[in-house]
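**Q** fold the following and give me the result.
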Amino acid sequence: MLNESDVATRLPARDLNRARKFYSDKLGMEPIEQRPGGLRYRSGNSFFVLFESSGEASGSHTQMGWEVDDIEATMAVLKARGVVFETYDLPGLKTVNGIAEIAGNYPSRGIGERGAWFKDSEGNLLGIGQPLR
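**A** From the prediction side, this is the model:
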């Protein structure tokens with residue numbers, strides 16, 4: 001039953017107008033639908049929703065990620081729009097120029113991955129990844 005259903009991400013936003021501006025100005029994304037307290041976006045064949053919430057995003061784990069063909073080119077566009085990428089120097093996860101080299105991947109996705117992370121205006125931690133094949 002559930003394995004035949006689509007999945008969509010839900011991200012909290014304390015200030016929906018501020019979040020909409022971030023996703024528009026920084027990520028180049030516009031909602032495809034809206035309702036009171038919510039914005040629905042399409043990305044590729046997937047959907048995600050920003051919803052008004054009094055809760056606070058932890059920002060301590062990746063809440064949503066995009067798979068890209070060229071991580072450097074994607075980062076360059078996002079940086080030019082003002083996106084600030086996270087820097088990590090942790091056991092097993094170190095970024096160099098904002099990119100972490102990640103060993104291993106799911107067999108259908110390749111042999112590894114390169115990843116980078118940034119926070120949206122609401123503190124949600126978002127990622128971009130480029131599979132290594």
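
**Q** strands of the chain, residue ranges please.
**A** Using DSSP state E, the strands of the chain run over 9-13, 33-35, 38-43, 46-52, 64-67, 89-90, 93-96, 99-103, 112-119, 125-132.

**Q** select, out of those, the one closest to Ala73.
**A** strand 125-132 (9.8 Å; C-beta to C-beta). Just so you know, the C-beta spots here come from the backbone N, C-alpha and C atoms, and that holds for glycine as well.

**Q** so the closest one versus strand 46-52, what angle?
**A** 160 degrees (axes from the mean of the first three to the mean of the last three C-alpha atoms, to 10 degrees).

**Q** follow-up on the earlier one: take the strands of the chain and lay them out in a markdown table including mean neighbour count.
**A** Listed next are those as a markdown table, based on neighbours: other C-beta atoms under 10 Å:
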| stretch | mean neighbour count |
| --- | --- |
| strand 9-13 | 19 |
| strand 33-35 | 12 |
| strand 38-43 | 16 |
| strand 46-52 | 17 |
| strand 64-67 | 14 |
| strand 89-90 | 8 |
| strand 93-96 | 12 |
| strand 99-103 | 15 |
| strand 112-119 | 20 |
| strand 125-132 | 20 |
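
**Q** to Thr74, which of those lies closest?
**A** strand 125-132 (5.6 Å).

**Q** contacts for that closest one, please.
**A** Strand 125-132 has contacts (C-beta atoms under 8 Å, 6 or more residues apart in numbering) with 57-71, 74-75, 86, 102, 105, 109-120.

**Q** list the contacts for Arg14?
**A** Residues in contact with Arg14 (C-beta under 8 Å, 6+ apart) are Glu52, Ser53, Ser54, Gly55, Glu56, Glu122.

**Q** try it again at 6 Å.
**A** Glu122 (C-beta atoms under 6 Å, 6 or more residues apart in numbering).

**Q** and for the one 4 residues further on?
**A** Residues in contact with Arg18, defined by C-beta under 6 Å, 6+ apart, are Ser121.

**Q** so what's it scoring on pLDDT?
**A** At Arg18, the predicted lDDT confidence score is 98.

**Q** which residue is the nearest non-sequential neighbour of the most centrally placed residue in the chain?
**A** Geometric centre of the chain, nearest residue: Leu126, 3.0 Å, by C-alpha atoms, centre = their mean. Of all residues not flanking Leu126 in the chain, Met64 sits nearest, at 5.4 Å (C-beta to C-beta, 6 or more residues apart in numbering).
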